[in-house]
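> sharing a sequence plus its predicted fold:
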Number of protein chains: 2
Amino acid sequence: MELHTCLWNDVDAFSFRENDLHPLTKHYPTLQIRIHQNVNSFLAVAEQADFVLTWDFKKSWYAACPKLKAIFTPAAGNDWVQGDPLKKVKLVYGRFHGRLLAESLLGALLLMNHRMPEVMHNHHHRDWDRNRLTTTRLLGNQTVLIIGFGTIGQCCARLIQQTGANVIGVRRYPDQADKNGQEIHSLSALPLLLGQADHVVLLLPGISSSDRFMNPDRLAMMKQGSYIYNFGRGNSLLSNDLLEALPRLAGAFLDVTEEEPLPPDSPLWDRSKVVITPHSSCIYSEYKPLFVDEVTGHLKTYLKPVT
Amino acid sequence: MELHTCLWNDVDAFSFRENDLHPLTKHYPTLQIRIHQNVNSFLAVAEQADFVLTWDFKKSWYAACPKLKAIFTPAAGNDWVQGDPLKKVKLVYGRFHGRLLAESLLGALLLMNHRMPEVMHNHHHRDWDRNRLTTTRLLGNQTVLIIGFGTIGQCCARLIQQTGANVIGVRRYPDQADKNGQEIHSLSALPLLLGQADHVVLLLPGISSSDRFMNPDRLAMMKQGSYIYNFGRGNSLLSNDLLEALPRLAGAFLDVTEEEPLPPDSPLWDRSKVVITPHSSCIYSEYKPLFVDEVTGHLKTYLKPVT
């Protein structure tokens, strides 16, 4: 059988090369792997593909892939791969992001609590001010509200809870969540919870129903001196809304922004209370091996591995 | 009975005021509390003191305190309170620092792993570079070596282990450690362990046997591209030794330095791979209540609490 990859990417950590795929060949020696570097290369031979590993897939491509059984994408969200209109081809999203994002988010929570933007600014001025952290509280004594509480959110919660923090999840359909003893609420609880949380974390997918989810009304419900984090998608929190709300907040940590890359003229860059990372919460050297490992497992359904 | 406090401090978080001591009065209504703001004020009435809460205590003061039963100091290390030459007065150090330091250290590990100094520098230049973290690894897949593995080190280890990290402790007398399933080695294992660790954390006390503990030979044993942290005392790692070793290392996070405050002309301030915090790893608003809570517990030996 043939496995085709369309896994080129501007980000090195997300761009798969031949040696990244070695574990697949090792487990399935009969599998033919064809690595493409652009769409045309793939479409020219798409009719031979049994499996596709890809960042993108357009609806129109399905007609060119009569043998296609499954598409595996490293992406956690459905932003780039369109589903099969005939529902014949299985579409499998990456499920390995939780552990990566959990460390990035925990790092962000501790960084904001410890006022590192300010500390590093002082550093620049060779300033030894020991009174800047007077009001810093232990994360272990604080409340973290995670909005968008799917697999990834719950994985983040499990790590953050190890500090002792009270972690509360909010999702549209709390009944469908795998609770694991975690506190999960529906959207109706949001006004109350926003007023209690020391840290509000957005982990919403980039779908239209998330557009401006964190609107000015909800931002205004946040506790004075609390922090906001966006590790989901940029559409849920607009730059201007955040800028308006910022004076009441202790700070914002944005891994995603309304427009990406964030334009150099965005006023967000200027704000000392705002930390911006370039949509990098899952950029780890483990990203590629974790995905290839998942695909290796999925392929057991179709292929006999070496024993 | 009388409890005297000598708990003034330049750091707000460490300077105890009347309302910080309310829990003591609440638990022990018969206890007379006298708050001093300088040494002379205390020494003038020291003969009446049954208990002293203090940052400092000189050997010569014991003679002035005939009724003194116990000294309680928030300090974790024996830098400032000298013991009773006659061994009559009990000296009790704070034991609450572990939880505070654990969060500061975990934050530092994640901050260095995520190259936040560089990211924040980029921030300043409005730079959206997604390839800077390509080689970043999960802390959960790394090895953290903690040198100085007492109560505080073991508390730090328990939190860091929650990420999945392999945490190894080194101490002079490993047999005396409360292991809790933690891997603890003696100094003889250091050459091997220094070559394996991704993060080397110094948590040594400020005693003379720690002077230049992390000498050039030991720094040279560290793995290329690993990180060093000093959260103990500055005497164990000299600035010049670190500067010499820095090219081989990925970075250094110093909460304590050879001289404190670190002089403005120290070349350490200039290094982009070095993060400096002003001996603030325990500066939390929880510091004072945690100490007062501990003292409340200790006083049960001497006083009858309200039931």
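Noted; the coordinates are in hand. Remember, it's a predicted structure, so these values are computed and weren't measured experimentally.
> all contacts plus neighbour counts: C-alpha atoms, from now on.
Will do.
> which positions in the stretch 1-150 of chain A make contact with chain B?
Residues of the stretch 1-150 of chain A lying near chain B by Cα under 8 Å from any Cα of the partner chain: A:11-13, A:100, A:103-104, A:106-107, A:110-111, A:114, A:117, A:119-120, A:123-124, A:126-131, A:133-139.
> filter these down to the buried ones.
A:11-13, A:100, A:103-104, A:106-107, A:110-111, A:114, A:117, A:119-120, A:123, A:126-130, A:133-134, A:136-139 (16 or more other Cα atoms under 10 Å in any protein chain shown).
> can you tell me which of the residues you listed are in helices?
Counting by DSSP state H, the part of these found in helices is A:100, A:103-104, A:106-107, A:110-111, A:117, A:119-120, A:123.
> other SSEs contacting the worst-scoring helix or strand of chain A on mean pLDDT?
Lowest by mean pLDDT, DSSP states H and E among the helices and strands of chain A is helix A:116-124, with a mean of 81. Under the contact definition 3 or more Cα pairs under 8 Å, 6 or more residues apart in numbering or on different chains; DSSP states H and E, helix A:116-124 sits against strand B:274-276.
> one step back: and the angle for the least confident helix or strand of chain A with helix B:116-124?
90 degrees (axes from the mean of the first three to the mean of the last three Cα atoms, to 10 degrees).
> name the next helix or strand following helix A:116-124 along the chain.
The helix or strand immediately downstream of helix A:116-124 is strand A:143-147, counting by DSSP states H and E.
> packing partners of that next one?
Applying 3+ Cα pairs under 8 Å, 6+ apart, we find strand A:143-147 packed against strand A:166-170, strand A:199-202.
> buried deepest among these, which one?
Of all these, strand A:199-202 has the most neighbours on average by mean count of other Cα atoms under 10 Å in any protein chain shown, namely a mean of 26.
> which parts of the helix or strand following that one are buried?
Next helix or strand after strand A:199-202 toward the C-terminus (DSSP H and E): helix A:216-221. Residues of helix A:216-221 classed as buried: A:216, A:219-220 (neighbour count, 16+ other Cα under 10 Å).
> who are the packing partners of helix A:216-221?
Identification of packing neighbours for helix A:216-221 by 3+ Cα pairs under 8 Å, 6+ apart yields helix A:190-194, helix A:239-245.
> and the first one, how far out from the chain's middle?
Right, helix A:190-194. Distance of helix A:190-194 from the chain centroid (Cα atoms, centre = their mean, to the nearest Å) equals 23 Å.
> pull that helix out as PDB, backbone CA atoms only.
Taking Å, rounded to 0.1, in the frame of the first residue of the first chain, the C-alpha atoms of helix A:190-194 are listed here in PDB:
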ATOM      1  CA  LEU A 190     -19.500  31.700  32.800                       C
ATOM      2  CA  PRO A 191     -20.600  35.100  34.300                       C
ATOM      3  CA  LEU A 192     -20.000  33.700  37.800                       C
ATOM      4  CA  LEU A 193     -16.800  31.900  37.000                       C
ATOM      5  CA  LEU A 194     -15.200  34.800  35.100                       C
END
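> please identify the buried residues of that helix?
By 16+ other Cα under 10 Å, the buried positions in helix A:190-194 come out as A:190, A:193-194.
> what helices and strands are in contact with it?
Secondary-structure packing of helix A:190-194 (3+ Cα pairs under 8 Å, 6+ apart): helix A:216-221.
> run the chain-centre distance for the helix it packs on.
Offset of helix A:216-221 from its chain centre (Cα atoms, centre = their mean): 23 Å.
> show me what the helix or strand following that helix is packed against.
Counting by DSSP H and E, the element after helix A:216-221 in chain order, helix or strand, is strand A:227-230. Applying 3+ Cα pairs under 8 Å, 6+ apart, one finds that strand A:227-230 contacts strand A:199-202, strand A:251-254.
> now render the ones you listed as a markdown table, adding distance to residue B:300 and mean pLDDT.
Formatted as a markdown table, these follow (distance: least, Cα to Cα, whole Å; pLDDT from 0 to 100):
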| stretch | distance to residue B:300 | mean pLDDT |
| --- | --- | --- |
| strand A:199-202 | 38 | 98 |
| strand A:251-254 | 43 | 98 |
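> Throw those strands into TSV and include distance to residue B:47, thanks.
Shown next, in TSV, are those (distance: least, Cα to Cα, whole Å):
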stretch	distance to residue B:47
strand A:199-202	50
strand A:251-254	50
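> can you tell which of these is closest to residue A:244?
Distance to residue A:244, taken as Cα to Cα, is lowest for strand A:251-254 among these, at 12.2 Å.
> given the closest one, what are its sheet partners and their directions?
Applying DSSP bridges, strand A:251-254 is found paired with strand A:227-230 (parallel), strand A:274-276 (parallel).
> so what pairs up with residue A:34 in the strands?
Beta-bridge pairing of residue A:34 under DSSP bridges involves residue A:4.
> quick one: neighbours of it, just the number.
When neighbours are counted by other Cα atoms under 10 Å in any protein chain shown, residue A:34 registers 15.
> separation between it and chain B?
Between residue A:34 and chain B the distance is 24 Å, computed by Cα to the nearest Cα, to the nearest Å.
> ditto for residue A:192
Distance, residue A:192 to chain B, by Cα to the nearest Cα: 25 Å.
> now swap in residue A:1 and tell me
In this view, residue A:1 and chain B are 32 Å apart by Cα to the nearest Cα.
> turn the helices and strands packed on strand A:143-147 into TSV, columns for distance to residue A:181.
TSV is the format used below for the helices and strands packed on strand A:143-147 (distance: least, Cα to Cα, whole Å):
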stretch	distance to residue A:181
strand A:166-170	11
strand A:199-202	19
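> between those strands, which gets nearest to residue B:79?
Residue B:79 lies closest to strand A:166-170 among the helices and strands packed on strand A:143-147, at 35.9 Å (Cα to Cα).
> need the helices and strands packed on helix A:216-221 in TSV with mean pLDDT, can you?
Output for the helices and strands packed on helix A:216-221, formatted as TSV (pLDDT from 0 to 100):
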stretch	mean pLDDT
helix A:190-194	97
helix A:239-245	98
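> so which of those helices comes closest to residue A:160?
Closest approach to residue A:160 among the helices and strands packed on helix A:216-221 (Cα to Cα): helix A:190-194, 17.6 Å.
> how is chain A carved up into domains?
Chain A breaks down into these domains under automatic domain parsing: A:2-96+A:285-301, A:137-276.
> tell me which of the ones you listed sits nearest to residue B:170.
Nearest to residue B:170, of all the domains of chain A, is domain A:137-276, at 23.6 Å by Cα to Cα.
> rewinding a little: adding distance to residue B:237, write the buried residues of helix A:216-221 out as CSV.
Conversion of the buried residues of helix A:216-221 to CSV gives the following (distance: Cα to Cα, whole Å):
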residue, distance to residue B:237
A:216, 50
A:219, 46
A:220, 47
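> what's the closest of these to chain B?
Taking Cα to the nearest Cα as the measure, chain B sits nearest to residue A:219 out of these, at 24.2 Å.
> quick one on the thing from earlier: deepest of the domains of chain A, which one?
Looking across the domains of chain A with neighbours counted as mean count of other Cα under 10 Å, the highest average goes to domain A:137-276: a mean of 19.
> which parts of the stretch 151-300 of chain A sit against chain B?
Residues of the stretch 151-300 of chain A lying close to chain B by Cα under 8 Å from any Cα are A:159, A:162-163, A:261-262, A:264, A:269-270, A:275-280, A:283-286.
> wait, what's in contact with residue A:14?
Residues near residue A:14 by Cα atoms under 8 Å, 6 or more residues apart in numbering or on different chains: A:7-8, A:283, A:287-288.
> do the same with residue A:148
Residue A:148 neighbours (Cα under 8 Å, 6+ apart): A:169-172, A:202-205.
> cutoff 6 Å now
Residues near residue A:148 by Cα atoms under 6 Å, 6 or more residues apart in numbering or on different chains: A:170-171, A:203-204.
> could you do residue A:172 as well?
Taking Cα under 6 Å, 6+ apart as the test, what residue A:172 contacts is A:186-187.
> and it, how far from residue A:274?
For residue A:172, the distance to residue A:274 equals 28 Å [Cα to Cα, to the nearest Å].
> now residue A:28
On the measure of Cα to Cα, residue A:28 and residue A:274 end up 47 Å apart.
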